[in-house]
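> for reference, the sequence and a predicted model appear below.
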Amino acid sequence: TGQRIVDIFFPIAKGGTVCVPGPFGSGKCVSGSTPVLLADGTIATMDELHNWSRQHGLSEGGALEEYFALNEPLPLFSFANNSISQSASKTFYRGASDTLLRVRTRSGRMAEVTPVHRLFKVSGTGEIVETKAEELKKGDYLAAVRKLDMQLADAKLDIYALEEARAVDEDTRNLVRQLVKKARVMDIPIDLPKITLYSITRKNGITPKLAWIKKICAALGEVPPTPVLLRGQRIGTAVRIPDKMTPQLAELIGLFAAEGYVREGRTLVFTNTDEALLGRFAELAKELFGIKAKIERQDGKAPNALLSSKVLADFVTYLAIGENAATKRVPGSVLSSSDDCVRAFLTGYYLGDGGISDGDVEISSASRKMQLSLSYALTRLGIMHSLAARKIAGKSYYRVFIRGLSNLASLYRTLNNCHKKIKLID
């Protein structure tokens with residue numbers, strides 16, 4: 001776009017390849033691992049955007065330098081005329097560089113850029129001056145984003161991504177039966193075994209998988225219905241799956257991202273010594289999924305709240321919360337939803353992995369991706385913070401700090417203050 005992207009002041013891994021959305025000569029080269037906040041609220045690295053550009057653009061150049069003319073604009077945020085606004089880039093450039101500079105701020109933000117990359121330096125008179133990275137010196141002040149105003153609707157969730165789940169509510173099953181019969185009368189082929197189609201039409205026949213329903217609807221040009229109840233096997237616990245993100249779902253995801261995991265591919269486990277949090281997790285699960293949590297107590301161990309459902313386990317995988325503690329992050333479906341959902345996720349995650357000591361709030365994670373996505377979420381809501389990392393017994397932990405009365409007050413207003421742990425911030 002010819003405008004500078006502004007979301008480079010966040011921690012990134014070292015890399016030797018530079019990518020940039022924009023025209024040649026724009027001086028915006030950063031390493032491929034640099035995260036970029038897209039206009040839909042999600043985060044992608046420059047490497048990921050490069051792969052996207054290869055699929056959605058025409059390439060010119062070779063191995064050392066590529067230029068893409070994009071088939072569809074890439075929605076971004078830009079800083080222009082002393083304000084942040086949405087923008088879109090129609091081009092993407094990737095090139096090799098023999099030198100990258102690492103720029104680190106006192107608040108813990110870090111970027112790796114080419115020497116001629118221009119950053120926003122704050123002059124002694126308070127003006128923002130575009131300055132080459134190679135010209136910066138220790139003690140210079142850089143402008144960083146304080147708040148992003150994003151008016152987003154709650155993200156829709158694709159229930160049909162759970163292909164092996166079976167629709168068990170009668171309205172959906174009756175509709176599918178009628179569609180199969182209609183296809184038979186009209187001699188419309190459906191890419192499923194005849195015995196499967198025959199069984200679907202019987203009143204007490206097989207329960208259709210979502211993948212089958214999608215194929216049947218596609219053959220007839222029909223919009224797939226939204227099932228009310230799903231289960232993973234012909235005989236199993238039926239659950240509801242929301243078709244869009246909500247604050248309640250975001251809060252449960254926050255709790256699970258902090259203290260949860262999937263056991264043996266079919267049971268959600270939430271671990272906590274706080275009975276109130278176990279109760280809140282169980283309450284949200286009942287409200288959202290219509291399933292009752294079982295409390296598991298073992299001598300010498302923290303109690304667990306268990307949700308036994310293969311469908312829910314697959315749903316968590318679909319949400320891309322992370323496979324383990326080191327890969328967890330704020331899901332894109334939360335970041336691309338309303339501020340209310342972002343606040344709800346932060347509430348759940350803080351209750352699980354946050355705390356306050358000596359007037360400082362700290363949120364800690366074993367995942368750098370979680371630290372990064374939390375930083376974007378807090379910035380979106382206008383909560384100033386700093387980043388740090390430390391090692392304990394050889395294991396890295398990534399920390400987010402909120403300090404100062406005004407910032408603590410903003411955090412307190414943001415979180416749902418019904419829990420005593422949050423009330424301690426007041």
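Received the coordinates, thanks. Numbering: from 1, shown residues only.
> sheet partners, orientation included, of the longest strand anywhere in the chain?
For the chain, the strand with the greatest residue count under DSSP state E is strand 65-80. When sheet partners are counted by DSSP bridges, strand 65-80 sits next to strand 4-5 (antiparallel), strand 57-61 (antiparallel), strand 83-96 (antiparallel).
> for residue 343, give its distance to residue 419.
Taking C-beta to C-beta, to the nearest Å as the measure, residue 343 falls 14 Å from residue 419. All C-beta spots, glycine's among them, are computed from the backbone N, C-alpha and C.
> compare neighbour counts for these two and give me the winner.
Remark: of residue 343 and residue 419, residue 343 carries more neighbours, 20 against 16, as counted by other C-beta atoms under 10 Å.
> the more buried one falls within a helix, correct?
Yes. The assignment for residue 343 is a helix, going by DSSP: H, G, I helix; E, B strand; the rest coil.
> looking at it, it is touching residue 247, isn't it?
Yes. Using C-beta atoms under 8 Å, residue 343 is in contact with residue 247, at 7.4 Å.
> quick one: contacts for residue 224?
By C-beta atoms under 8 Å, 6 or more residues apart in numbering, residue 224 lies in contact with 160, 213-214, 217.
> helix, strand or coil for the closest residue to it other than its chain neighbours?
Leaving aside its chain neighbours, residue 224 sits nearest to residue 217 (4.5 Å; criterion: C-beta to C-beta, 6 or more residues apart in numbering). Counting by three-state DSSP, the backbone at residue 217 sits in helix.
> can you check residue 410 too?
Assigned with three-state DSSP, residue 410 falls in the helix class.
> how about the contacts made by it?
If you count contacts by C-beta under 8 Å, 6+ apart, residue 410 has them with 381-384.
> can you rerun that using 6 Å?
Neighbouring residues of residue 410 by C-beta atoms under 6 Å, 6 or more residues apart in numbering: residue 383.
> confidence score at it?
Predicted confidence (pLDDT) for residue 410: 94.
> residue 316: neighbour count?
Using other C-beta under 10 Å as the criterion, the residues surrounding residue 316 number 20.
> wait, I meant residue 40
By other C-beta under 10 Å, 13 other residues sit near residue 40.
> doesn't residue 336 make contact with it?
Yes. Using C-beta atoms under 6 Å, residue 40 makes contact with residue 336 at a distance of 4.8 Å.
> shaky segments in the chain?
Within the chain, the segments meeting pLDDT under 70 span 1-28, 234.
> the closest residue to residue 226 other than its chain neighbours: what's it in contact with?
Leaving aside its sequence neighbours, residue 226 sits nearest to residue 243 (C-beta to C-beta, 6+ apart; 5.6 Å). Residue 243 makes contact with 157, 159, 226, according to C-beta under 6 Å, 6+ apart.
> hmm, 10 Å instead?
Listed by C-beta atoms under 10 Å, 6 or more residues apart in numbering, the contact set of residue 243 reads 156-159, 226-227.
> can I get those residues in JSON lines including neighbour count, secondary structure and distance to residue 110?
What follows is those, written out as JSON lines (neighbours: other C-beta atoms under 10 Å; DSSP: H, G, I helix; E, B strand; the rest coil; distance: C-beta to C-beta, whole Å):
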{"residue": "156", "neighbour count": "13", "secondary structure": "strand", "distance to residue 110": "35"}
{"residue": "157", "neighbour count": "19", "secondary structure": "coil", "distance to residue 110": "34"}
{"residue": "158", "neighbour count": "10", "secondary structure": "coil", "distance to residue 110": "35"}
{"residue": "159", "neighbour count": "20", "secondary structure": "helix", "distance to residue 110": "39"}
{"residue": "226", "neighbour count": "13", "secondary structure": "coil", "distance to residue 110": "44"}
{"residue": "227", "neighbour count": "25", "secondary structure": "coil", "distance to residue 110": "46"}
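> of the residues you listed, just say which sits nearest to residue 348.
Using C-beta to C-beta, residue 157 comes nearest to residue 348 of those, at 17.4 Å.
> which parts of the stretch 201-350 of the chain are helices?
Taking DSSP state H, counting those that start in this stretch as the criterion, the stretch 201-350 of the chain carries its helices at 210-220, 247-259, 275-289, 310-319, 332-335, 339-353.
> between those, which one is nearest to residue 102?
Proximity to residue 102 (C-beta to C-beta) singles out helix 332-335 among the helices of the stretch 201-350 of the chain, at 26.2 Å.
> CA atoms only: put the closest one into PDB for me.
Only the C-alpha atoms of helix 332-335 are listed here, as PDB (Å, rounded to 0.1, in the frame of the first residue of the first chain):
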ATOM      1  CA  GLY A 332      -8.300 -17.100  15.700                       C
ATOM      2  CA  SER A 333     -12.000 -17.500  16.100                       C
ATOM      3  CA  VAL A 334     -11.700 -15.500  19.400                       C
ATOM      4  CA  LEU A 335      -9.500 -12.800  17.900                       C
END
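> distance from the chain centre to that helix, please.
Taking C-alpha atoms, centre = their mean, to the nearest Å, the mean C-alpha location of helix 332-335 is offset from the chain mean by 4 Å.
> just checking, residue 360 touches residue 388?
No. Counting by C-beta atoms under 10 Å, residue 360 stays clear of residue 388, with 11.1 Å between them.
> mind listing the strands for the stretch 101-250 of the chain?
Counting by DSSP state E, counting those that start in this stretch, the segments of the stretch 101-250 of the chain that form strands are 101-104, 110-113, 118-122, 128-132, 141-142, 166-167, 230-231.
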